[in-house]
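Student: quick one, structure for this:
(one chain, ligands or ions: 1)
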Amino acid sequence: DRPTLAVVGATGAVGTVMLELLTARKNVWGEIRLIASPRSAGKTLTVRGEEVIVQALAPEVFDGVDVAMFDVPDEVSMEWGPIAAARGAIVVDNSGAFRMDPQVPLVVPEVNPEAARNRPKGIISNPNCTTLTMIVAIGALHREYGLRELIVASYQAASGAGQVGVDTLLNQINKVAGDRALGSRAGNVRQAIGEDLGPFPAPLALNVVPWAGSLRENGWSSEELKVRNESRKILGLPDLKVSATCVRVPVVTGHSLAVHAVFGAEVDAEECNELLRGAPGVVLVDDPGAGEFPMPADAVGTDPTWVGRIRRALDDPRAIDMFVTGDNLRKGAALNTAQIAELLAAELTKS
Ligand code: 2RA
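Tutor: Numbers count the residues shown, from 1 in each chain. Below is the predicted model of the structure:
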């Protein structure tokens, strides 16, 4: 019998992409239950070509469920993840609620699939979309050269902040479009956009904002600490040196990172190209002379991590500089969750 799947948060930005993926990917599931807040319950959504009525989140909806994917805010996962697990479901959670819990594995199927088997709480976490955007490419290079240090800057899309982030950016773009003088005097953009900052601390249209997440000690943002802590946990490198600067850019979907990665051995750019070309889940787009780069406008809606601008550092033969882009709602969220759930489906079908 094929396992039963529950999708919690089926109506959200990530949930919507999840339903597309479940429709397009190999069908490994028996029943698929769609679950959301009482506000969205009763709606009809389509998955695998069938109409399914959304049920309200309640303990009983998890009865008989083998795998439950959660795409909901941290506090909802914190409360409901353990309830679903107690009812017998294996939870794959896409929030930040359990990622750093030592009893919860943090899994990227191309990098550490074996970690998914050890889940004492019946919960597996999916990494943050910024970490996920780069980690498949980094993992492939780490296996060959042994990673020592990461220095990264992110270029994060508005949809990382959910549908409200997208709506805010598009509304702001409408307000500034057409005024050719707007970008050339301090204060103009703020004035044109007014109070409508949505989830961002400053205007995003015609701007870049060096901030994502919330303020933590010594000026670091929560997002920057996630990149550090999650990279360490996924790669099994608790002492990895990581410095991240997280920046929001006026892109709807597609996170990118400029990465400086230092390894334990000398690296060769051509060999890195070959490793990345052969790595599952990675596409190499690296022909600057022909104008071919990894960019969100091309990567949006696709599954892989796009990698390019691969250069050996001029001043350190053990370091590589590169640029990576990926769809933050796909590999950054729904796709990685679906891949973890498929590992579980294979395990459950075998046993
Ligand atoms: C963001 N990574 O881009 C965060 C949340 N998913 O805002």
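Student: close to the ligand: what parts of the stretch 51-200 of the chain are there?
Tutor: Taking Cβ under 6 Å from any ligand atom as the measure of proximity, the stretch 51-200 of the chain contacts the ligand at 128, 129, 130, 156, 160, 161. From N, CA and C alone the C-beta is placed, and that goes for glycine too.
Student: closest one to the ligand out of the residues you listed, please.
Tutor: Lowest distance from the ligand to those (Cβ to the nearest ligand atom) belongs to residue 160, with 2.0 Å.
Student: ok, that closest one touching residue 328?
Tutor: Yes: assessed by Cβ atoms under 8 Å, residue 160 is found in contact with residue 328 at 5.2 Å.
Student: which residues are in contact with both of those two?
Tutor: Common contacts of residue 160 and residue 328 (Cβ atoms under 8 Å, 6 or more residues apart in numbering): 129, 130, 255.
Student: give me every residue that touches residue 223.
Tutor: By Cβ under 8 Å, 6+ apart, the contact list for residue 223 reads 128, 130, 154, 156, 212, 213, 244, 246.
Student: name the nearest residue to residue 37, ignoring sequence neighbours.
Tutor: Leaving aside its sequence neighbours, residue 37 sits nearest to residue 57 (Cβ to Cβ, 6 or more residues apart in numbering; 6.3 Å).
Student: neighbours of that neighbour, just the number please.
Tutor: The number of residues packed near residue 57 is 22, by other Cβ atoms under 10 Å.
Student: need the strands for the stretch 51-200 of the chain, in chain order.
Tutor: 55-56, 67-70, 90-93, 123-125, 147-155 (DSSP state E, counting those that start in this stretch).
Student: and the shortest one, what does it pack against?
Tutor: Under the contact criterion of 3 or more Cβ pairs under 8 Å, 6 or more residues apart in numbering; DSSP states H and E, strand 55-56 touches strand 32-36.
Student: strand partners (parallel or antiparallel) of whatever helix or strand comes next after the strand it packs on?
Tutor: As assigned by DSSP states H and E, the chain's next helix or strand after strand 32-36 is strand 44-47. Applying DSSP bridges, strand 44-47 is found paired with strand 50-53 (antiparallel).
Student: ok, residues contacting the partner strand?
Tutor: 32, 33, 34, 42, 43, 44, 45, 46.
Student: the ligand contacts on the stretch 201-350 of the chain?
Tutor: Neighbours of the ligand within the stretch 201-350 of the chain, by Cβ under 6 Å from any ligand atom: 212, 223.
Student: which stretches of the stretch 201-350 of the chain form helices?
Tutor: Secondary structure of the stretch 201-350 of the chain (DSSP state H, counting those that start in this stretch): helices located at 222-235, 269-278, 296-299, 335-350.
Student: so how far is the last one off the chain centroid?
Tutor: Going back to what we said before, that points to helix 335-350. Put simply, helix 335-350 sits 18 Å off its chain's centre (Cα atoms, centre = their mean, to the nearest Å).
Student: show me what that helix is packed against.
Tutor: Using 3+ Cβ pairs under 8 Å, 6+ apart: helix 335-350 touches helix 13-24, strand 67-70, strand 90-93.
Student: keeping just the C-alphas, turn it into PDB.
Tutor: Extracted in PDB, the C-alpha atoms of helix 335-350 (Å, rounded to 0.1, in the frame of the first residue of the first chain):
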ATOM      1  CA  LEU A 335      11.100  20.600  -3.400                       C
ATOM      2  CA  ASN A 336      13.600  19.700  -0.600                       C
ATOM      3  CA  THR A 337      10.600  18.800   1.600                       C
ATOM      4  CA  ALA A 338       9.100  16.600  -1.200                       C
ATOM      5  CA  GLN A 339      12.500  14.900  -1.700                       C
ATOM      6  CA  ILE A 340      12.800  14.100   2.000                       C
ATOM      7  CA  ALA A 341       9.200  12.800   2.100                       C
ATOM      8  CA  GLU A 342      10.000  10.600  -0.900                       C
ATOM      9  CA  LEU A 343      13.000   9.100   0.900                       C
ATOM     10  CA  LEU A 344      10.500   8.200   3.700                       C
ATOM     11  CA  ALA A 345       7.900   6.900   1.200                       C
ATOM     12  CA  ALA A 346      10.600   4.500  -0.200                       C
ATOM     13  CA  GLU A 347      11.500   3.400   3.400                       C
ATOM     14  CA  LEU A 348       7.900   2.800   4.400                       C
ATOM     15  CA  THR A 349       7.000   1.000   1.200                       C
ATOM     16  CA  LYS A 350      10.000  -1.300   1.700                       C
END
